[in-house]
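Chemist: Quick one: sequence plus predicted model below, questions after.
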Amino acid sequence: MRTRPMGGITFAHPPAFWTGFIACVAGVALHLPMYIDSADMHYMMRGMSMDAPMITGMALIVAGLALTAYGLIPRGLAASRRDGEVRVRAAHDAPFRRAHIGLVIVMTTAVTIDAMKPITLSFVAPGMGKEYGLKSALNPGGHWPVALLPLFGLTGTVAGSFLWGWLGDRIGRRSSILLAGVMFVTTAVCGAMPSFSWNLAMCLLMGLAAGGMLPITFSLLAEMIPGRHRGWVMVLIGGNLALAYAITSSLSSALVPHYSWRILWLLGMPTGVLLIALNHWIPESPRFLLAHGREDEARAIMTRYGAVEDVAAAPETEAAGAAGAASGAEASAEERREAAHGGGFTPLFRPPFAGLSIAVVVLGLGIGLVTYGFQLWIPSNLQKLGLAQKSADAALRDSSLLGLPLVFVAAAMYGLWSAKKTIIVLTALTAAALVAFSFSGESLAHDRTWLYVLLAGPIVGTATIAAVLAAYSSEIYPTRIRSRGSGLSAGVGKLGGVVVTIVLVVGATVPSINTTALLGAVPLLLAVLVVAAFGVETRKRAASPGAPAAQPADA
């Protein structure tokens, strides 16, 4: 029997989920005594042996994760009717209801919490490098390169983006989001791990959870938000990557000098608990519920969010949305059917989606190279230029706040003007800021005004482009492969980070601001050309005579 809260939202096995979740929280709490006991050593835990409570806590976490996963996996996963026969869409002109406002608030919280995880990597790297004697820009005589930490974390996010993209289609959007939230709680123990190797292991798991949240969130929003509001809402929510940067840098400036770098990881427990506490306002995909015979739950959610079922729509028609109209590909019915029903990520690279997917990949890689080549190492590089840790974090906080209005401007551009042109303009402007950094980056340490202004470009600009791309990729693919399409855009961004981090590990050093800026500018400029060539417009508009406007694949 399943618990049925308001709005048709359920757990498959409530006792198992909540018992497992409590075990996970207790397991993390049992790691805290060792951390607290190290206060007189400024929380330097290197070389300490795990005590009995910590070992017990690890066992509780393993058992708790198994129970929560069992509690979330829906019963009867075998579909009662073929996915291709189920299509749910939010009416384009439907009103923006209170339920939508609640969903936006919760998803904004989820995206912000999710984004804080990889951002934290850049702020813990200087302190971790010092404690473990790692080789970095601040400690060139160290042994293991500090870049191993982001390498493990980003490898996890790449795997998580693809895994959660598949999982969202397999067990449902809501179950996938909550499973990631529970893992946010458990991987907070990274802040209490005494050895560097354990930190790497926990960081890998943290990345695995964080990598899947954004694509799943955007896939769910694409099915729930009315068409005329969908684009700008998703850009606004995704733009909270910039807000997450401001929050993380503020926390680092305020807490790290007193509680060491470890406190930033330990904050994963309360933020993860907050996400789980908001579970009541996270709906399941109606299409997923209908496809698996859960009619009552699906109808309740559709009524609450103003969605309707369109059984008559053939999968071939759905698959021939924006991509087919923009590319002009005259794919046969057989090819379209194969694209809609193929396995894995293969359908994304077959007609009519191949050109679009190439644009998504190139832009995603460019975003990843900036985020994890320039942004990831900017705290270390600012300290290398002579700024104190607190001053460097404050500079990054102020720069991200200075550029935060760009998120609202981008949301308006995306919703009122043009999705494709918004991507091109934002990408070109961010590339221009990086070019300026590549020529004068190190000298900007003596000119704080220009430093703050130009930092706002790569920090907020890249976060905003990532938000626009996430919204865009959730609109251009049909419902059945939407999670995989969103996972692709998120995964390739992280893959760019993995590539640049491998280069740093091999070189065992952190490149200068000039080098990392140039490394990001080049692929972004290339992305401008590729999006211009293959991108399609998703805004619904009247077709000009003789040239029908491209339309997005509906939810």
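Modeler: Arrived safely. Not measured: the values here are computed from a predicted model.
Chemist: how near is the closest residue to Gly461 other than its chain neighbours to Thr462?
Modeler: Leaving aside its sequence neighbours, Gly461 sits nearest to Thr430 (Cβ to Cβ, 6 or more residues apart in numbering; 3.6 Å). (Each C-beta comes from the backbone N, C-alpha and C, glycine too.) As judged by Cβ to Cβ, to the nearest Å, Thr430 and Thr462 stand 6 Å apart.
Chemist: And Gly231, by the same measure?
Modeler: Where Thr462 is concerned, Gly231 sits at a distance of 19 Å (Cβ to Cβ).
Chemist: Between Thr430 and Thr462, which contacts overlap?
Modeler: Residues touching both Thr430 and Thr462 (Cβ atoms under 8 Å, 6 or more residues apart in numbering) are Val370.
Chemist: separation between the closest residue in space to Val189 that isn't next to it in sequence and Gly156?
Modeler: Nearest residue to Val189 in three dimensions, chain neighbours excluded: His31, at 4.7 Å (Cβ to Cβ, 6+ apart). Distance, His31 to Gly156, using Cβ to Cβ: 20 Å.
Chemist: Could you do Thr462 as well?
Modeler: Distance, Thr462 to Gly156, by Cβ to Cβ: 20 Å.
Chemist: Work out for me the element Pro523 sits within.
Modeler: helix 513-534 (DSSP states H and E).
Chemist: Pretty sure His292 sits against Ile73.
Modeler: No - using Cβ atoms under 8 Å, His292 makes no contact with Ile73, being 11.7 Å away.
Chemist: These two: who's more crowded?
Modeler: Here His292 and Ile73 are compared on neighbour count by other Cβ atoms under 10 Å; more neighbours surround His292, at 22 against 18.
Chemist: Quick check: phi and psi at that one.
Modeler: phi -110, psi 20 (degrees, to the nearest 10).
Chemist: Tell me where the model's unsure across the stretch 201-350 of the chain.
Modeler: For the stretch 201-350 of the chain, applying pLDDT under 70 flags the ranges 212, 215, 310-344.
Chemist: please redo it, this time with the cut-off set to 50
Modeler: 312-341 (pLDDT under 50).
Chemist: Please tell me how far the nearest residue to Ala188 once chain neighbours are set aside sits from Leu275.
Modeler: Spatial nearest neighbour of Ala188, chain neighbours left out: Gly268 (3.5 Å); criterion: Cβ to Cβ, 6+ apart. Gly268 sits 10 Å away from Leu275, going by Cβ to Cβ.
Chemist: the more surrounded of the two?
Modeler: More crowded of Gly268 and Leu275, by other Cβ under 10 Å: Gly268, with 27 against 24.
Chemist: who touches the more buried one in this structure?
Modeler: Lys117, Phe184, Val185, Thr187, Ala188, Cys190, Gly191, Met206.
Chemist: now the residues you listed as JSON lines including secondary structure?
Modeler: Output for those, formatted as JSON lines (DSSP: H, G, I helix; E, B strand; the rest coil):
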{"residue": "Lys117", "secondary structure": "helix"}
{"residue": "Phe184", "secondary structure": "helix"}
{"residue": "Val185", "secondary structure": "helix"}
{"residue": "Thr187", "secondary structure": "helix"}
{"residue": "Ala188", "secondary structure": "helix"}
{"residue": "Cys190", "secondary structure": "helix"}
{"residue": "Gly191", "secondary structure": "helix"}
{"residue": "Met206", "secondary structure": "helix"}
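Chemist: Looking at those, which one is closest to Trp144?
Modeler: Cys190 (16.8 Å; Cβ to Cβ).
Chemist: Counting neighbours, what do you get for the closest one?
Modeler: Count around Cys190 with other Cβ under 10 Å applied: 27.
Chemist: mind checking pLDDT for Tyr414?
Modeler: Note for Tyr414: predicted pLDDT of 85.
Chemist: Do you have the strands of the stretch 101-250 of the chain handy? List them.
Modeler: Assigned by DSSP state E, counting those that start in this stretch, the stretch 101-250 of the chain shows no strands.
Chemist: where do the helices sit along it?
Modeler: In the stretch 101-250 of the chain, the helices defined using DSSP state H, counting those that start in this stretch lie at 148-171, 173-186, 196-224, 227-238, 240-259.
Chemist: my guess is Leu221 meets Val233, correct?
Modeler: Yes - in this structure, Leu221 is within contact of Val233 by Cβ under 8 Å, at 6.8 Å.
Chemist: tell me the SS of Val308?
Modeler: The assignment at Val308 comes out as strand when based on three-state DSSP.
Chemist: now it: how far from Met302?
Modeler: 7 Å.
Chemist: what do you get for Ser161?
Modeler: 28 Å.
Chemist: who's more crowded, the two?
Modeler: Ser161 (30 against 23).
Chemist: Let me know the helix or strand that the nearest residue to the more buried one once chain neighbours are set aside is in.
Modeler: Leaving out its chain neighbours, the residue that sits closest to Ser161 by Cβ to Cβ, 6+ apart is Gly491, at 3.5 Å. Per DSSP H and E, Gly491 falls inside helix 482-507.
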